[in-house]
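S.K.: Provided below for reference: sequence and predicted model.
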Amino acid sequence: MSEIPSPSLLKGRRLALDFGLSRIGVAVSDPDGQFAFPTSVLDAQAWETDLSKILEEYEPVIIYIGYPVNLSGDAGSSARLAREFAIEVASMHAIQIRLVDERLTTKSALSEMRASGKSEKEGRGEVDAVAATLLLEGVLLTERNTLRYAGSEL
């Protein structure tokens, strides 16, 4: 389902996950899908329970998972791992999941943190949630401008 047939589908929170081997950044939108906010960072080795709690608390209508394609647009090993993660999330939760190109979100998040005066070491955990927020901001902009879900179906 790539088109949003009615404005009523635009209502509801969106959740973005920035998957990494150590940490998973989490961001959520407001119920109207206008603004993105960082919420937390999950341990990539023990994320299931925490993600379940987040889904219960925010009740998102869709989950966007960052899909780290190479600058050339090819899917490498990181993209394969992100897809496997997305499949695992989908097997545990009955909610639509879409993969979204997340090229350079972590680098942009690091730049934003440096600009705010934080070192990379100081913001190590926070950078993942900021990257998820940047990912979600792009998603929300795409949805508003195209009236279509961003990314691709899992």
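M.R.: Perfect, I can see it now.

S.K.: helices and strands around the biggest helix by length in the chain, which ones?
M.R.: Counting residues, the longest helix found in the chain (DSSP state H) is helix 126-146. Under the contact definition 3 or more CB pairs under 8 Å, 6 or more residues apart in numbering; DSSP states H and E, helix 126-146 sits against strand 14-19, strand 23-29, strand 36-43, strand 62-67, strand 96-101, helix 105-115. For the C-beta atoms, the positions are set from N, CA and C on the backbone; glycine is no exception.

S.K.: quick one: it to strand 36-43, angle?
M.R.: If you take axes from the mean of the first three to the mean of the last three CA atoms, to 10 degrees, helix 126-146 sits at 140 degrees to strand 36-43.

S.K.: helix or strand right after helix 126-146?
M.R.: strand 152-153 (DSSP states H and E).

S.K.: tell me the mean pLDDT for that next one?
M.R.: Regarding strand 152-153, the rounded mean pLDDT is 92.

S.K.: List the pairing partners of that strand within its sheet, with orientation.
M.R.: Using DSSP bridges, strand 152-153 pairs in its sheet with strand 96-101 (antiparallel).

S.K.: now the angle from the strand it pairs with to strand 62-67?
M.R.: Using the same axes, to 10 degrees: strand 96-101 against strand 62-67 is 30 degrees.

S.K.: Can you give me the buried ones in strand 96-101?
M.R.: 97-101 (16 or more other CB atoms under 10 Å).

S.K.: got it, and stretch 69-87?
M.R.: 69, 78-79, 82-83, 85-86.

S.K.: repeat for stretch 134-151
M.R.: So for stretch 134-151, counting by 16+ other CB under 10 Å, buried means 134-140, 142-143, 149-151.

S.K.: Repeat that for stretch 53-67.
M.R.: Going by 16+ other CB under 10 Å, stretch 53-67 has these buried residues: 54-55, 58, 60-67.

S.K.: Great, nothing more from me.
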